[in-house]
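Participant: Provided below are the primary sequence and the corresponding predicted coordinates.
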Amino acid sequence: CRKRKSVRGCVVGPDLATLSLVLLKKGSEEIPGLTDDQRPRRLGPKRASHIRKLFALEKKDDVRNFVVRREVNEKKKKAPK
């Protein structure tokens, strides 16, 4: 019989190595190593309408200037296709 893990409750099995968690609301204090540093967005949206929504652009704005590029090495940057 398969052991089922609880999704919404706080019951988790002792045999789990990692937990996947999502922060919904930030509290009054910082969590060291998690909320105290800012990391840049690694991957951004590919579709033009999603880029407009992310950066609150209008239809006349050029979307190509707002494409999120990631660094491959010190000299090169890569953009989505």
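Facilitator: Structure's in. What do you need?
Participant: contacts, neighbours, all on C-alpha from now
Facilitator: OK.
Participant: Point out where the chain drops to low pLDDT.
Facilitator: In the predicted model of the chain, residues 1-12 satisfy pLDDT under 70.
Participant: residue ranges of the helices in it, please?
Facilitator: Using DSSP state H, the helices found in the chain span residues 48-55.
Participant: Can you give me the neighbour number for residue 48?
Facilitator: 15 (other CA atoms under 10 Å).
Participant: Give the burial count for the closest residue to it other than its chain neighbours, as a bare number.
Facilitator: Here the nearest residue to residue 48 in space, its sequence neighbours aside, is residue 63; by CA to CA, 6 or more residues apart in numbering that works out to 6.4 Å. Using other CA under 10 Å, residue 63 has 17 neighbouring residues.
Participant: mind checking the end-to-end distance for stretch 30-41?
Facilitator: End-to-end distance of stretch 30-41 (CA to CA, to the nearest Å): 20 Å.
Participant: chain center to it: distance?
Facilitator: In terms of CA atoms, centre = their mean, to the nearest Å, the centre of stretch 30-41 is set 12 Å apart from its chain centre.
Participant: Tell me the buried residues in it?
Facilitator: By neighbour count with 16 or more other CA atoms under 10 Å, stretch 30-41 contains no buried residues.
Participant: measure the residue nearest to residue 48 to residue 51 for me?
Facilitator: Separation of residue 63 from residue 51 (CA to CA) stands at 7 Å.
Participant: what does residue 78 give?
Facilitator: Here the criterion is CA to CA. By it, residue 78 lies 16 Å from residue 51.
Participant: buried sites along stretch 47-62?
Facilitator: 51-52.
Participant: quick one: contacts of it?
Facilitator: With CA atoms under 8 Å, 6 or more residues apart in numbering as the test, stretch 47-62 has contacts from 44-45, 63, 66-67.
Participant: please redo it, this time with the cut-off set to 10 Å
Facilitator: 44-45, 63-64, 66-68, 80-81 (CA atoms under 10 Å, 6 or more residues apart in numbering).
Participant: Any of the residues you listed buried? List them.
Facilitator: Here, 16+ other CA under 10 Å leaves 44, 63, 67-68 buried among the contacts of stretch 47-62.
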